[in-house]
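Undergrad: only geometry, no sequence info:
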Ligand code: PLP
């Protein structure tokens with residue numbers, strides 16, 4: 001390690017794994033049999049034991065351009081030496097303004113402002129707070145209810161778990177925030193199993209929003225938040241016409257619609273954002289992950305025209321100096337902003353969204369070829385996303401998928417599992433041969449599993 005600024009060797013397993021309380025992890029199990037990643041390049045990780053692992057999940061749905069892309073790492077290195085930190089409360093720096101302009105311009109439609117934070121969770125909590133305050137500054141302060149969806153994942157902040165709908169993520173934390181209701185999820189195996197792309201059945205699940213409006217009175221509802229494609233709950237593709245219907249009901253009742261695009265943003269569906277893919281425009285878009293290619297934490301809320309103006313108009317009218325009483329020390333951190341600018345440039349220069357779109361047909365065929373593999377009860381896909389649902393093992397739900405994850409890793413493939421579902425979301429630089437490799441390993445692993 002001569003000449004390195006690091007006090008430890010990142011390629012060597014530490015002697016003691018005890019002190020790190022790992023997030024969303026079976027800690028006791030992991031520490032008996034740890035999986036440690038030492039380095040990453042393009043489509044692969046390398047473990048501390050020197051094994052190469054094909055990245056089937058873009059890290060955690062974030063390294064869409066592949067790993068250690070030179071433009072991004074250089075931008076980070078240069079910026080950290082040039083401007084290591086700058087506050088954005090009553091001060092600014094050039095990079096973040098440029099980024100806001102480029103990010104909002106990426107989304108088709110009338111989006112004109114971006115608020116920055118450090119994660120998807122913070123983006124969601126920021127969007128929910130902006131929604132509540134937006135109605136209030138416009139004199140519509142009775143709109144305080146927030147509507148999420150069963151099985152939704154919106155990160156781990158109190159706002160996000162309140163509108164989220166994954167039971168284990170909610171049940172330990174008491175009553176959460178007040179005035180939240182949930183739409184039903186759209187997963188309908190009986191009608192849509194093994195659908196290629198967008199499922200035919202289920203647009204009527206959106207009509208449940210009318211029932212919720214009737215129950216609470218729509219004038220009390222501030223916002224509806226959904227993932228356009230639900231990821232963390234195990235890849236649920238919205239039924240045909242579903243998102244459009246949600247938009248129509250929100251419009252009818254003056255309710256803001258938020259798309260949580262933390263995983264669908266930045267090319268996952270072959271377009272910049274899912275809003276473009278589905279042709280449905282929300283009032284706010286939350287994003288993170290692929291914004292910086294996962295290199296530096298950063299999240300954002302992209303707002304349609306009129307939202308920011310409502311706050312500045314209110315401030316003018318009331319004489320308030322600050323318009324939005326919300327922000328993070330690291331909102332628009334210069335190194336994160338540099339990483340994001342270089343990432344957007346990489347997506348564009350390398351045509352990665354178009355590449356993802358062009359590969360999605362091959363991906364669909366390849367993934368659905370596993371339809372007859374052992375234990376598989378459903379396969380779902382869109383863009384470069386796939387979910388493979390396994391029959392739960394009797395008396396031990398989720399264990400089969402967890403074993404699949406471990407065996408895939410041993411065989412040199414990183415997949416993600418959630419419940420009994422294997423989720424895949426590779427970097428957009430994946431080749432057809434690597435897609436074949438994913439399918440080959442999965443088929444073998446599934447055939448060997450009890
Ligand atoms: N929203 C969605 C849709 C996500 O998928 C995630 C993370 O997977 C989040 C929010 C939370 O993001 P983070 O883990 O960066 O807080």
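TA: Right, received. Where do you want to start? Everything numeric in this text was worked out from a predicted model, so none of it was measured.

Undergrad: does the residue lying closest to residue 315 once chain neighbours are set aside count as helix, strand or coil?
TA: Nearest non-adjacent residue to residue 315, counting by C-beta to C-beta, 6 or more residues apart in numbering: residue 323, 4.5 Å away. Glycine gets a C-beta too; all of them are placed from N, C-alpha and C. When classified by DSSP: H, G, I helix; E, B strand; the rest coil, residue 323 comes out as coil.

Undergrad: Contacts only, for residue 323.
TA: For residue 323, the contacting residues are 308, 311-312, 314-315, by C-beta atoms under 8 Å, 6 or more residues apart in numbering.

Undergrad: And for residue 178?
TA: If a contact means C-beta under 8 Å, 6+ apart, then residue 178 has no contacts.

Undergrad: which residue ranges form the helices in the stretch 201-350 of the chain?
TA: Ranges of helices in the stretch 201-350 of the chain, per DSSP state H, counting those that start in this stretch, are 208-216, 242-253, 274-278, 307-318, 334-349.

Undergrad: And those helices: which comes nearest residue 445?
TA: Closest approach to residue 445 among these (C-beta to C-beta): helix 274-278, 30.0 Å.

Undergrad: who's in contact with the closest one?
TA: 107-109, 228-229, 238, 243-244, 259, 261, 264-265, 268-271, 281-282, 285, 383.

Undergrad: Can you check which of the helices of the stretch 201-350 of the chain gets nearest to residue 202?
TA: Closest to residue 202 of the helices of the stretch 201-350 of the chain, according to C-beta to C-beta: helix 242-253, at 6.3 Å.

Undergrad: now the angle from the closest one to helix 208-216?
TA: Following axes from the mean of the first three to the mean of the last three C-alpha atoms, to 10 degrees, one obtains 30 degrees for the angle between helix 242-253 and helix 208-216.

Undergrad: Okay, buried residues for helix 242-253 please.
TA: 242-243, 245-247, 249-250, 253 (16 or more other C-beta atoms under 10 Å).

Undergrad: what's the closest of these to the ligand?
TA: The closest of the buried residues of helix 242-253 to the ligand turns out to be residue 243 (C-beta to the nearest ligand atom; 14.5 Å).

Undergrad: Would you agree that closest one is in contact with residue 281?
TA: No - with contacts counted by C-beta atoms under 8 Å, residue 243 stays clear of residue 281, the gap being 10.0 Å.

Undergrad: Residue 144 contacts residue 223, correct?
TA: No - between residue 144 and residue 223 there is no contact under C-beta under 8 Å: 10.0 Å.

Undergrad: So between these two, which is more surrounded?
TA: residue 223 (25 against 16; other C-beta atoms under 10 Å).

Undergrad: so who does the more buried one touch?
TA: Neighbouring residues of residue 223 by C-beta under 8 Å, 6+ apart: 127-128, 131-132, 146-147, 255-258, 283.

Undergrad: Where does this protein get nearest to the ligand, residue-wise?
TA: Nearest to the ligand in the chain, going by C-beta to the nearest ligand atom, is residue 120, at a distance of 2.2 Å.

Undergrad: how much space between that residue and residue 246?
TA: 20 Å (C-beta to C-beta, to the nearest Å).

Undergrad: Show me the domain layout of the chain.
TA: With domains defined by automatic domain parsing, the chain comprises 3-65+351-448, 73-349.

Undergrad: for the shortest one, the distance to its chain's centre please.
TA: When C-alpha coordinates are averaged (C-alpha atoms, centre = their mean, to the nearest Å), domain 3-65+351-448 and its chain have centres 16 Å apart.

Undergrad: End to end on that domain, go ahead and measure it.
TA: 47 Å (C-alpha to C-alpha, to the nearest Å).

Undergrad: just the longest one next, same as before
TA: End-to-end span of domain 73-349 (C-alpha to C-alpha): 16 Å.

Undergrad: Flag every buried residue along stretch 134-147.
TA: 134-137, 143-147.

Undergrad: average pLDDT across that stretch?
TA: For stretch 134-147, the mean pLDDT works out to 98.

Undergrad: Identify all contacting residues around that stretch.
TA: Residues from elsewhere that reach stretch 134-147, judged by C-beta under 8 Å, 6+ apart: 128, 131-132, 159, 162-163, 177, 179-183, 209, 212, 216, 219-225, 254-256, 307, 310-311, 313-314.

Undergrad: out of those, which are buried?
TA: The buried subset of these - by 16+ other C-beta under 10 Å - is 128, 131-132, 159, 162-163, 180-183, 209, 212, 221-225, 255-256, 307, 310-311, 314.

Undergrad: Which members of those residues are positioned in strands?
TA: 180-183, 221-225, 256 (DSSP state E).

Undergrad: Same list, these, but as TSV with distance to residue 102 and pLDDT please.
TA: Shown next, in TSV, are those (distance: C-beta to C-beta, whole Å; pLDDT from 0 to 100):
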residue	distance to residue 102	pLDDT
180	34	98
181	36	98
182	35	98
183	33	98
221	33	98
222	29	98
223	26	99
224	28	99
225	25	99
256	24	99
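
Undergrad: Tell me which two of those sit farthest apart.
TA: Among those, 182 and 256 lie farthest apart (C-beta to C-beta), at 16.7 Å.

Undergrad: Can you name the residues that contact residue 151?
TA: Taking C-beta under 8 Å, 6+ apart as the criterion, residue 151 is in contact with 165-166, 185, 187, 230, 233-234, 236.

Undergrad: now, which of those residues sits nearest residue 343?
TA: residue 230 (24.2 Å).

Undergrad: one step back: quick check on the residue of the chain closest to the ligand: phi, psi?
TA: Here is the backbone geometry of residue 120 (degrees, to the nearest 10): phi -70, psi -40.

Undergrad: tell me which residues of stretch 201-209 are tucked away?
TA: For stretch 201-209, by 16+ other C-beta under 10 Å, it's 202-203, 205-206, 208-209.

Undergrad: on that earlier part again, format the helices of the stretch 201-350 of the chain as a markdown table; extra columns: distance to residue 427.
TA: Shown next, in a markdown table, are the helices of the stretch 201-350 of the chain (distance: least, C-beta to C-beta, whole Å):
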| stretch | distance to residue 427 |
| --- | --- |
| helix 208-216 | 35 |
| helix 242-253 | 26 |
| helix 274-278 | 18 |
| helix 307-318 | 33 |
| helix 334-349 | 11 |
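
Undergrad: Make TSV out of those helices and add mean pLDDT and distance to the ligand.
TA: TSV is the format used below for the helices of the stretch 201-350 of the chain (pLDDT from 0 to 100; distance: least, C-beta to the nearest ligand atom, whole Å):
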stretch	mean pLDDT	distance to the ligand
helix 208-216	98	19
helix 242-253	98	14
helix 274-278	98	11
helix 307-318	98	20
helix 334-349	98	12
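
Undergrad: Between these, which one is closest to residue 404.
TA: Closest of these to residue 404 is helix 274-278, at 27.4 Å (criterion: C-beta to C-beta).

Undergrad: what's the distance between the closest one and the middle of its chain?
TA: With C-alpha atoms, centre = their mean as the basis, helix 274-278 stands 15 Å off its chain's centre.
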